[in-house]
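A.B. asks: any chance you can model this:
(one chain, ligands or ions: 1)
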Amino acid sequence: DVHDGEAMFDALIEADGRIEPRDWMPDGYRRTLIRQISQHAHSEIIGMQPEGAWITRAPSLARKAILLAKVQDEAGHGLYLYSAAQTLGITRDEMTQQLVDGKARYSSIFNYPAPTWADMGAIGWLVDGAAICNQVPLCRASYGPYGRAMVRICKEESFHQRQGFEILLTLMQGTEAQREMAQDAVDRWYWPSLMMFGPPDDDSPNSAQSMAWNIKRFSNDELRQRFVSMLVPQAAVLGVTLPDPELRFDDETGRYETGEIDWTEFHEVLAGRGPLNTTRRRHRRDAHEEGAWVREAAAAYALKKQRRTAG
Ligand code: 3HC
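C.D. replies: Below you'll find the predicted structure:
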């Protein structure tokens, strides 16, 4: 009964064990996982848009092939995560409808424009770099299907980050115009990539409970600090400047001090008033509507096949 289930759940969390779909779990645990995993899946799917728009404009066949592989990876990450969310009782259609209706969140980062090829480098280096910092600890999330999905996703995410770094390095070793393009992209993506980790810890309503349930292993600010510490030496190798004049290493604390993040901008983007929120959602809705005939045909075919085998 519920008491045994609750005791079992508490014991598993206490022992840092795994909760599986058929285990008893508190409603709040189920709800926050559906919330986080579906939003994570939506982020992967929407994240395909800025990069997808550059596949036909990549500067070489090799770059086109790499970008194609990356966008395909993200579609796969989205499907893994939707499948993980479905084990909690929400359907794929419900999640898709929430996204198309603008009722679902996805990562703020994908509401920014990607006007130059250097943006493909900045997205790979900064956005996928931030995603790795945030996603590696999620491999140990207490909910089995989520943690296991993250293991495969993290392996592919590392390739995404490396190819972004390499695009920027190539540009920084190019002409003055290419160096300026790379620096401009870093200037535009740096602060929004810090916002990917979520609001400051003292303004993060979900963190305490998520950490108590071993979903979130480190706080938003902790992971943000880890990310900046990773970026500083890599920016030096690239020869780009991180656009934060107050960024400095504090020898006493062993941590980086950064300038103020513009949380007004963050909340504006979350409220749907970012540069491209409407565009991203409309594009997803149009793709969903244009693809309706494929889903109907697949369902009709499956039904026919079922009837044939049922004899
Ligand atoms: N964009 C949009 N919404 C955000 C956000 C962001 N960058 N950061 C926080 N929020 C939302 C939260 O969802 C929450 O709103 P909700 O309660 O309605 O869901 C609210 O702001 C308060 O934030 P909290 O810190 O309380 O929320 P969380 O504990 O959920 O922490 C998080 C936010 C760190 C993003 C966490 O949800 C998380 O780790 N999610 C999984 C990882 C993820 O989604 N990463 C997206 C990266 S993009 C990506 O993976 C694609 C890759 O290819 C680059």
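A.B. asks: what mean pLDDT does stretch 289-306 get?
C.D. replies: The average pLDDT for stretch 289-306 rounds to 96.
A.B. asks: now that stretch, how far from the centre of its chain.
C.D. replies: 30 Å (Cα atoms, centre = their mean, to the nearest Å).
A.B. asks: ok, the spatially most central residue of the chain - contacts?
C.D. replies: In the chain, the residue lying closest to the centroid (Cα atoms, centre = their mean) is residue 43, at 5.0 Å. Each residue near residue 43 by Cβ atoms under 8 Å, 6 or more residues apart in numbering is listed here: 106, 107, 109, 110. Quick note: C-beta positions are derived from backbone N, CA and C, even for glycine.
A.B. asks: possible to save those as JSON lines with distance to the ligand?
C.D. replies: As requested, the contacts of residue 43 are exported to JSON lines (distance: Cβ to the nearest ligand atom, whole Å):
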{"residue": "106", "distance to the ligand": "7"}
{"residue": "107", "distance to the ligand": "4"}
{"residue": "109", "distance to the ligand": "6"}
{"residue": "110", "distance to the ligand": "7"}
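A.B. asks: export the residues you listed as a markdown table, with columns for neighbour count, pLDDT and secondary structure.
C.D. replies: As requested, the contacts of residue 43 are exported to a markdown table (neighbours: other Cβ atoms under 10 Å; pLDDT from 0 to 100; DSSP: H, G, I helix; E, B strand; the rest coil):
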| residue | neighbour count | pLDDT | secondary structure |
| --- | --- | --- | --- |
| 106 | 22 | 98 | coil |
| 107 | 22 | 98 | coil |
| 109 | 23 | 98 | helix |
| 110 | 26 | 98 | helix |
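A.B. asks: could those residues go into CSV alongside distance to residue 265?
C.D. replies: Listed next are these as CSV, based on distance: Cβ to Cβ, whole Å:
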residue, distance to residue 265
106, 17
107, 14
109, 12
110, 15
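A.B. asks: which bits of this protein sit near the ligand?
C.D. replies: By Cβ under 6 Å from any ligand atom, the residues of the chain that approach the ligand are 35-36, 39-40, 43-44, 47, 74, 105, 107-108, 127-128, 131, 134, 195-199, 204-207, 210, 216, 220, 270.
A.B. asks: of those residues, buried ones?
C.D. replies: 35-36, 39-40, 43-44, 47, 74, 105, 107-108, 127-128, 131, 134, 195-199, 204, 207, 210, 216, 220 (16 or more other Cβ atoms under 10 Å).
A.B. asks: before we move on, back to that, the contacts of residue 43: which two are farthest apart?
C.D. replies: Farthest pair in these (Cβ to Cβ) is 106 and 109. Separation: 9.1 Å.
A.B. asks: identify the contacts common to those two.
C.D. replies: Common neighbours of residue 106 and residue 109 (Cβ under 8 Å, 6+ apart) are 43, 47.
A.B. asks: which stretches in the stretch 101-250 of the chain count as helices?
C.D. replies: For the stretch 101-250 of the chain, the helices defined by DSSP state H, counting those that start in this stretch cover 118-122, 128-135, 144-172, 176-195, 207-212, 220-238.
A.B. asks: quick one: contacts of the fifth one?
C.D. replies: With Cβ under 8 Å, 6+ apart as the contact definition, helix 207-212 has outside contacts at 13, 28, 32, 36, 198, 201, 216, 217, 219, 220.
A.B. asks: same question, the last one
C.D. replies: Applying Cβ under 8 Å, 6+ apart, the contact partners of helix 220-238 are 125-126, 129-130, 133-134, 137, 165, 168-169, 172, 182, 186, 193-194, 197-201, 204, 207, 218, 241-242, 247, 249, 255-256, 258.
A.B. asks: please compute how far it lies from its chain's middle.
C.D. replies: The answer for helix 220-238 is 17 Å, by Cα atoms, centre = their mean.
A.B. asks: tell me the buried residues in it?
C.D. replies: 220, 221, 223, 224, 225, 226, 227, 228, 231, 234, 235, 238.
A.B. asks: between those residues, which is nearest the ligand?
C.D. replies: Of all the buried residues of helix 220-238, the ligand sits closest to residue 220, with 5.3 Å by Cβ to the nearest ligand atom.
A.B. asks: distance of the closest one from residue 257?
C.D. replies: Using Cβ to Cβ, to the nearest Å, residue 220 is found at 17 Å from residue 257.
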